[in-house]
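> one predicted model, sequence on top.
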Amino acid sequence: AKRDWSINDFEIGKPLGRGKFGRVYVAREIKSKYVIALKVIFKEQLEKYKIHHQLRREMEIQISLKHPNILRLYGWFDDAEHVFLILEYAHNGELYKELCKRGHFSERQAATYILCLTKALAYCHEKHVIHRDIKPENLLLDHEGRLKIADFGWSVQSKSKRQTMCGTLDYLAPEMVENKSHDHAVDNWTLGILCYEFLYGAPPFEAESQEDTFKRIRNVDLNFPHAPLISKNAKNLITRLLVKDSSKRLSLQKIMEHPWIKENANHMGVCQ
Ligand SMILES: CC[C@@H](NC(=O)c1cc2[nH]nc(NC(=O)c3ccc(N4CCN(C)CC4)cc3)c2s1)c1ccccc1
């Protein structure tokens, strides 16, 4: 039977991150000694921003997603002031920090992450879940270095140096920027952005102002720096994802079969 959790079932550890709507702590379930991440969301914030229905929908989606590259939501409970989400703990933290530390990833590492993301998104699309907010701040690494999409769609002032606000624009597909209806294909666009960012250390349409970023996205103003030098196949994949016409973007299936992924991604362990 579904047992009801309460805060007394957990020992709370250090804070992991903080956001507009709440904070995340590492915590341990006392009986099983199982380490989890406990996300605490303030009910008054839910009322104030009128988003309790959005939270419920996100939670219903998240609790139904069971994939090795999507962070698990094991359950939830609440008390008078808070909603608590019991989340999988990703022991190696934010992929974004790893990217900052290393500047950019190797083609093998980048291809492995893109393959994991593509499989996770194919799983989401199968369950009619789209638009996972897959910017680097929402990507975590577990104890084996396996990528996990941590995603409740809340904007967070993450501790990271990058200003989440301007970072946010970089990942928006043209149809989002132009307020057109968007479908699964926005995720394919975002995979192109992330692939570029994994290989160069910065997203392709970064600009001084938000307006300039919008312009560069709308015009798909894509160019490849001469350093670090990346393979023709990598550029081919990025170019076939960053296509303005969403119906012309490479499908998730075709990404998995792309020569750059075939030749560079680690198809065994880590991704599975
Ligand atoms: C994605 C943002 C979102 N975060 C989650 O839901 C999150 C869910 C979740 N599960 N596990 C996490 N792990 C960590 O955050 C973490 C961070 C650093 C770590 N290390 C530091 C470096 N060291 C060398 C190794 C250990 C280890 C784990 C997080 S964050 C959020 C949303 C709202 C409010 C706050 C956070």
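On my side now, so go ahead.
> where does this protein dip in pLDDT?
1-3, 131-132, 151-168, 180-182, 269-272 (pLDDT under 70).
> cutoff 50 now
Within the chain, the ranges that satisfy pLDDT under 50 run 1, 154-167, 272.
> for it, longest helix please?
The longest helix of the chain (DSSP state H) is helix 107-126.
> helices and strands around that one, which ones?
strand 147-149, helix 185-200, helix 232-241, helix 252-256, helix 259-264 (3 or more C-beta pairs under 8 Å, 6 or more residues apart in numbering; DSSP states H and E). Bear in mind the C-beta positions are built from the backbone N, C-alpha and C, glycine included.
> quick one: closest of those to residue 129.
helix 185-200 (9.9 Å; C-beta to C-beta).
> OK, contacts around residue 89?
Shown in contact with residue 89 (C-beta atoms under 8 Å, 6 or more residues apart in numbering): 26, 35-37.
> which of these are buried?
Among the contacts of residue 89, those scoring as buried are 26, 36-37 (criterion: 16 or more other C-beta atoms under 10 Å).
> of these, list those near the ligand.
residue 37 (C-beta under 6 Å from any ligand atom).
> which of the buried ones among the contacts of residue 89 fall within helices?
Among those, no member falls in helices (DSSP H).
> closest to the ligand among the buried ones among the contacts of residue 89?
residue 37 (3.3 Å; C-beta to the nearest ligand atom).
> right, and the closest one touches residue 84 too?
No: using C-beta atoms under 8 Å, residue 37 makes no contact with residue 84, being 10.8 Å away.
> what residues does the protein put near the ligand?
Of all the residues in the chain, those lying near the ligand are 16-19, 22-24, 37, 39, 71, 87-94, 137-138, 140, 150, 154, 156, going by C-beta under 6 Å from any ligand atom.
> rerun that using 8 Å as the cut-off
Applying C-beta under 8 Å from any ligand atom, we find that the chain lies next to the ligand at 16-24, 26, 36-37, 39, 41, 71, 85, 87-94, 97, 137-138, 140, 148, 150-152, 154, 156, 158.
> next step: these restricted to strands.
16-18, 22-24, 26, 36-37, 39, 41, 85, 87-88, 140, 148 (DSSP state E).
> name the helices or strands packed onto the one helix or strand residue 59 maps to?
Here residue 59, judged by DSSP states H and E, is contained in helix 52-64. With contacts taken as 3+ C-beta pairs under 8 Å, 6+ apart, helix 52-64 sits against helix 43-48, strand 73-78.
> buried stuff in that helix?
So for helix 52-64, counting by 16+ other C-beta under 10 Å, buried means 55, 58-59, 61-62.
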